[in-house]
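In: give the three-dimensional model of this entry:
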Amino acid sequence: MKNMFQSITRIYKLNIPNIFYWSPKITVPRILSCHFRWLAIVMPVKHLKNSLFKIAFFFEKICYQNVKSRLKKDFSAELSAISDNYQRREVKNKTVWYSWWQGMDSAPEIVTTCIQQMRKQFPSDTTFINVDSSNFTNYVDLQPRIVELFESGKMTNAQFSDQLRINLLAKHGGIWMDATLWVNQKQELSVFGLPFFSYRAKKSLPISSDHGTRQGDWQLYFLGGTNTYLYEALKTLNDAYWQRYSKVIHYLQLDKMIDLTFEALPELSADMKKLPLHDYDPGDMLAGGYRYSLSQIATDKVVTQISKDFEFVKLSWKIKVLKRREGQLTVYRTLIK
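Out: Okay, here's the model as predicted:
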């Protein structure tokens, strides 16, 4: 209960000042969505939990539509130019980009283990590059204002990571992967040859809708593709946004921009829809949207089912997960041992 109270207090503290920076049409539904989401997470009764998630989903959809309308209005000129100037790219680069900002020497065990697993599961001629505070200028040319906002503390690490991924993919191509994404199955060389690449999944939780109606069509922690025009377009939108504003309009702001960019570029949207649609999102176990949790005992039946259902599993260095329960290995420990 203490953690829930702290989380809800943080939601109000972060969002109430934005009522005047953005508008009540955006901020109030967001606050209500977060509030009901946390109530759902701690609710032990399943049917009540699902009802609370649905209420949170209702308010999040309202917030999403209002955010999308605001961005569409504010950046209509950029979106028109993106559509009018479209040229298909063909940038082939067998590089996996990831970022542990402090450098891999200071990375926690979960990060180093995930990176080791990536190297095992991707083809042997894949290049892996960690982009950190000491080398990022070697790979990307960020707008000075973006660097200034980050260094002054007005932009979070997660928001700065968004800047890195779209700039890297726009300039070099390849694939971006979060440093805490566990690769559960072997990857083929063909993944580097697709015009757009991400992980499409059906959503198992009603609240898994933060992207709005297109949630599941891509994952920010796993993005790539040879047609780098998408990422050039996102860089254009993103740079214009940060020239005008100094804070995010929504936690998943980059997802909103991807949605608008796909609307402006039907050919790229068609490429996205050609990707296979998986039954489960890599983050489902972490978010409690799967039948098994990372902290439960890893029986043969559980491990076999997870291996079948998940090509990737999203982990987190921020969330403590049990490695043993009742003297036996948990799903989490079985994955990373």
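In: distance between the ends of stretch 117-130?
Out: End-to-end distance of stretch 117-130: 15 Å, with CA to CA, to the nearest Å as the criterion.
In: meant to ask about stretch 146-162, not that
Out: One end of stretch 146-162 to the other measures 11 Å (CA to CA).
In: show the average pLDDT along it.
Out: For stretch 146-162, mean pLDDT rounds to 94.
In: would you mark the buried spots in it?
Out: 146, 149-150, 155, 159-162 (16 or more other CB atoms under 10 Å). The C-beta positions use only the backbone N, C-alpha and C, and glycine is treated the same way.
In: now do the same end-to-end measure for stretch 262-270.
Out: Using CA to CA, one end of stretch 262-270 lies 9 Å from the other.
In: helices and strands around the top helix by length along the chain, which ones?
Out: When the chain is parsed with DSSP state H, its longest helix is helix 46-74. Contacts defined by 3 or more CB pairs under 8 Å, 6 or more residues apart in numbering; DSSP states H and E place helix 46-74 against helix 24-42, helix 229-244, helix 253-264.
In: mean pLDDT lowest for which of the ones you listed?
Out: Comparing mean pLDDT across these, the weakest is helix 24-42, with a mean of 85.
In: and the direction of that one versus that of helix 46-74, what angle?
Out: Angle between the axes of helix 24-42 and helix 46-74 is 150 degrees (criterion: axes from the mean of the first three to the mean of the last three CA atoms, to 10 degrees).
In: helix 24-42: which residues count as buried?
Out: Burial within helix 24-42, assessed by neighbour count using 16+ other CB under 10 Å, is assigned to 26-41.
In: stretch 175-189 now?
Out: By 16+ other CB under 10 Å, the buried positions in stretch 175-189 come out as 175-184, 187.
In: what is the most widely separated pair among those?
Out: Largest separation among those by CB to CB: W176 and N184, giving 18.2 Å.
In: out of the helices and strands packed on helix 46-74, which gets nearest to V111?
Out: helix 253-264 (21.5 Å).
In: after that closest one comes which helix or strand?
Out: helix 266-273 (DSSP states H and E).
In: which residues touch that following helix?
Out: Helix 266-273 is touched from outside by 86, 88, 194-196, 198, 200, 217-218, 225, 227, 229-230, 261-263, with contacts defined as CB atoms under 8 Å, 6 or more residues apart in numbering.
In: 7 Å - rerun?
Out: For helix 266-273, the external contacting residues (CB atoms under 7 Å, 6 or more residues apart in numbering) are 195-196, 217-218, 227, 230, 262.
In: which one of the residues you listed sits in the busiest neighbourhood?
Out: Using other CB atoms under 10 Å as the neighbour criterion, L230 leads the contacts of helix 266-273 with 26 neighbours.
In: strands - which of the buried residues of stretch 175-189 land there?
Out: Counting by DSSP state E, these place 175-177, 181-183 in strands.
In: closest to R324 among the residues you listed?
Out: Nearest to R324 among those is W182, at 18.6 Å by CB to CB.
In: so the closest one is in contact with I115, correct?
Out: No. Look at W182 against I115 with CB atoms under 7 Å: they stay out of range, at 10.3 Å.
In: now the buried residues of stretch 175-189 in a markdown table, with pLDDT and distance to L237?
Out: Formatted as a markdown table, the buried residues of stretch 175-189 follow (pLDDT from 0 to 100; distance: CB to CB, whole Å):
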| residue | pLDDT | distance to L237 |
| --- | --- | --- |
| I175 | 97 | 21 |
| W176 | 98 | 17 |
| M177 | 97 | 23 |
| D178 | 96 | 22 |
| A179 | 96 | 25 |
| T180 | 95 | 26 |
| L181 | 95 | 25 |
| W182 | 94 | 31 |
| V183 | 95 | 30 |
| N184 | 91 | 33 |
| Q187 | 93 | 29 |
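In: just the residues you listed now: which is nearest S99?
Out: The nearest member of these to S99, counting by CB to CB, is A179 at 6.5 Å.
In: can you name the next helix or strand after the helix-or-strand element of the chain with minimal mean pLDDT?
Out: Of all helical and strand segments in the chain, the minimum by mean pLDDT, DSSP states H and E falls on helix 2-15, at a mean of 64. Following helix 2-15 in sequence order, the next helix or strand is helix 18-21 (DSSP H and E).
In: CA-only coordinates of that following helix in PDB, if you can.
Out: Below are the C-alpha coordinates for helix 18-21, written out as PDB (Å, rounded to 0.1, in the frame of the first residue of the first chain):
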ATOM      1  CA  ASN A  18       1.100  20.200 -16.900                       C
ATOM      2  CA  ILE A  19      -2.600  21.100 -16.700                       C
ATOM      3  CA  PHE A  20      -1.500  24.700 -17.400                       C
ATOM      4  CA  TYR A  21       1.500  23.900 -19.600                       C
END
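In: residues making contact with that helix?
Out: Under CB under 7 Å, 6+ apart, the answer for helix 18-21 is 27-28, 247.
In: repeat the analysis, applying 10 Å as the threshold.
Out: Residues outside helix 18-21 that contact it (CB atoms under 10 Å, 6 or more residues apart in numbering): 24-28, 30-31, 245-250.
In: once you drop chain neighbours, what's closest to Y98?
Out: The shortest distance from Y98 to any non-neighbouring residue, by CB to CB, 6 or more residues apart in numbering, is to A179 (4.6 Å).
In: that's all I had, so thanks and see you.
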